[in-house]
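Student: Below are the sequence and a predicted model; questions follow.
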Protein chains: 2
Amino acid sequence: MHVLVTGAAGMIGRKLAERLGREDVLGGAAITVLTLTDVVEPPVPAGFSGSIRRITADLAAPGVAASLISARPDVVFHVAGVVSAEAETDFDKGYRSNLDGTRALLDAIRAVDGGYAPRFVFTSSCAVFGAPFPETIGDDFHLTPLTSYGTQKAMCELLLADYSRRGFLDGVALRLPAVCVRPGPPNKAASGFFSAIIREPLAGREAILPVGDDVLHTHASPRATVGFLIHAAGLSRDTLGPRIALTMPGVCCTVGEQIEALRRVAGDAAVSLIRRAPDPLVERIVAGWPHRFDPARARALGFVAESSFDEIVRIHIEDDLGGTIPA
Amino acid sequence: MHVLVTGAAGMIGRKLAERLGREDVLGGAAITVLTLTDVVEPPVPAGFSGSIRRITADLAAPGVAASLISARPDVVFHVAGVVSAEAETDFDKGYRSNLDGTRALLDAIRAVDGGYAPRFVFTSSCAVFGAPFPETIGDDFHLTPLTSYGTQKAMCELLLADYSRRGFLDGVALRLPAVCVRPGPPNKAASGFFSAIIREPLAGREAILPVGDDVLHTHASPRATVGFLIHAAGLSRDTLGPRIALTMPGVCCTVGEQIEALRRVAGDAAVSLIRRAPDPLVERIVAGWPHRFDPARARALGFVAESSFDEIVRIHIEDDLGGTIPA
């Protein structure tokens, strides 16, 4: 089996490639070829016994998608894309990467002759939803994005559904909740604090909390997120039906509950590193985001997230801190 | 005021241009320039006192959109597009015309410097909704198209909302119900019989009815549809908010009720020209279409359709048959 991962140098793409490399199988079939692509060179996952191809290229550039697809990967994990904040500040780059890049990949697949129709797993986002919201967002809430990023993801979901209906490929789009705890240096995303208030104290550093403790949000760990992608690759077309976009499950909790989970796992000393500095701009942005979902379809289809925020904190320690909290 | 109409050679575009030409005003302002464009030459509307430009060109071809927009129309009625059946049979043409053509127009507007942000009225369609449906489709039902045409319309709604949110233009998308009675020769669209069973008997010709009398559908006359477009041009941005796509009202009735309306207006002789010839393929296609809507937002914003199918029949006689039924 040949598996292609786009965005393989990004946080989720890298963790996905690591897991695929480590497990060597996908849906019971041995992975013989792993193609990793991104705009910067993706790292080589450890321990993979098959062959690895790494391709540094821009999907939206002429010929790139066709070249990637000419090797006829059986499964495509399309994780590549410009993140929310960048898609908002750089209009052209966002549409080029998130919409045109995806469309180029879909059209390259469509152009292959002879019954080629790979499984195509697309990382969408809960940013396809925009306020005002009901108390809980069900599977049939309408697409009302309030960012260019959310618009691009929603457009790609629709495109993927049509290409699937036509039989060009076998698509599934996963609307990911906030990925938490995000490893690495703090970024400028308005959502960055959800991860920073856990990650920074665990590394012995101060974290700024710009919103109130009562802010509610839904989270899934990077490990659960990679699990969603792998589970999606094994879904049968018939199970999914024509509505190929699924809202993923997650842990819905307040910032205050996040902090208490950190206290249970890492103690008062860690919690004391969180400094409250309310920022009205961040508060306003966050108020426009969806809080709580009822991902009934995804649960029925076997997608599983963490069951508590404590678990999310422990997964960060296991997967990103080598299993121990630095002294 | 300069008004641009795309798709001005099509049925709705032509009737819109006729009304704009006849009334000479839009939202209280005099129309000084009317630009009409289509892939075939649009007819000249009668009685217009301003200047008319007719441009025969393909919106998706390089430079065409920029050239149209360089004259800075104050209002754009974007009616152009490939119809549902053609978008389904010719995949490339549908995406090129309905998605790329629209995007070219939006990007041409965005490229104009100096605070240019025209009112942009886009003809979307109830084909953005796909089965299964609730009994009545409300304003917050999700986008679930089951045709390439519906997919393209839904993608353009999303694009238009994002371009409006960004301030590049001031967009509104109208999800039109079935336009009935459609004048002219019968076409091959699966929905063609809804109009044919009225139009053909009124012209003394036989009409085939391929579905049962209990099939429910929502209709608006061409006159009401043109009225929706003109009303939309006058809506204020603040009234509309970020959800710029509106489901239009219409007359919801069964095929049997359509036939009884024909009988009341034109008598038993007309009705006797309807020949029942059930077609399982058409029955199956029609069963997948939405039947009934609750267009609460559009009604609150002042959009008005006919109040009975009798009125729809009479409007066809007035507007397309010169006011009398041929003997």
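Tutor: Now that the structure is in, tell me what you want to look at.
Student: Please count neighbours and contacts with C-alpha atoms only from this point.
Tutor: OK.
Student: Retrieve the pLDDT associated with the residue of the stretch 1-150 of chain A found nearest chain B.
Tutor: Here the stretch 1-150 of chain A gets closest to chain B at one residue, residue A:142, 3.6 Å apart by C-alpha to the nearest C-alpha. Per-residue pLDDT puts residue A:142 at 88.
Student: What about it, how many residues nearby?
Tutor: Residues contacting residue A:142 under the criterion other C-alpha atoms under 10 Å in any protein chain shown number 18.
Student: again with residue A:63
Tutor: So residue A:63, with other C-alpha under 10 Å, has 12 neighbours.
Student: Repeat that for residue A:162.
Tutor: 26.
Student: And residue A:252, by the same measure?
Tutor: Quick note: residue A:252 (other C-alpha under 10 Å) scores 20 neighbours.
Student: helix, strand or coil for the closest residue to it other than its chain neighbours?
Tutor: Leaving out its chain neighbours, the residue that sits closest to residue A:252 by C-alpha to C-alpha, 6 or more residues apart in numbering or on different chains is residue A:218, at 4.1 Å. What DSSP: H, G, I helix; E, B strand; the rest coil gives for residue A:218 is strand.
Student: Please tell me how far stretch A:122-136 is from the chain's geometric centre.
Tutor: Offset of stretch A:122-136 from its chain centre (C-alpha atoms, centre = their mean, to the nearest Å): 14 Å.
Student: What are the buried residues along that stretch?
Tutor: A:122-130, A:133 (16 or more other C-alpha atoms under 10 Å in any protein chain shown).
Student: Please work out which residues outside it touch it.
Tutor: A:77-79, A:141-147, A:149-151, A:153-154, A:157, A:171-177, A:247, A:288-294 (C-alpha atoms under 8 Å, 6 or more residues apart in numbering or on different chains).
Student: And the strands in chain A?
Tutor: A:2-6, A:25-26, A:29-30, A:33-38, A:51-56, A:75-78, A:119-125, A:170-176, A:178-179, A:207-209, A:216-220, A:245-247, A:251-254, A:274-276 (DSSP state E).
Student: what about the stretch 201-327 of chain A, any weak spots by pLDDT?
Tutor: A:327 (pLDDT under 70).
Student: Residue numbers of it in contact with chain B?
Tutor: A:242-243 (C-alpha under 8 Å from any C-alpha of the partner chain).
Student: Redo the buried residues of stretch A:122-136 as CSV? Include pLDDT and distance to residue A:28.
Tutor: Output for the buried residues of stretch A:122-136, formatted as CSV (pLDDT from 0 to 100; distance: C-alpha to C-alpha, whole Å):
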residue, pLDDT, distance to residue A:28
A:122, 98, 21
A:123, 98, 22
A:124, 97, 25
A:125, 94, 28
A:126, 92, 30
A:127, 92, 33
A:128, 94, 32
A:129, 93, 35
A:130, 90, 38
A:133, 89, 40
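Student: For these, work out which two are farthest apart.
Tutor: A:122 and A:133 (24.3 Å; C-alpha to C-alpha).
Student: quick one on the thing from earlier: might you report the residue contacts of the closest residue to the residue of the stretch 1-150 of chain A closest to chain B other than its chain neighbours?
Tutor: Spatial nearest neighbour of residue A:142, chain neighbours left out: residue B:142 (3.6 Å); criterion: C-alpha to C-alpha, 6+ apart. Residues near residue B:142 by C-alpha under 8 Å, 6+ apart: A:140-143, B:129.
Student: Of those residues, which is the nearest to residue A:282?
Tutor: Nearest to residue A:282 out of these is residue A:143 (C-alpha to C-alpha; 23.2 Å).
Student: quick one: the helices in chain A?
Tutor: Assigned helices in chain A, in chain order: A:11-23, A:64-69, A:84-89, A:91-94, A:101-111, A:148-165, A:192-202, A:222-233, A:237-240, A:255-266, A:268-271, A:280-287, A:296-300, A:309-320 (criterion: DSSP state H).
Student: Good, wrapping up.
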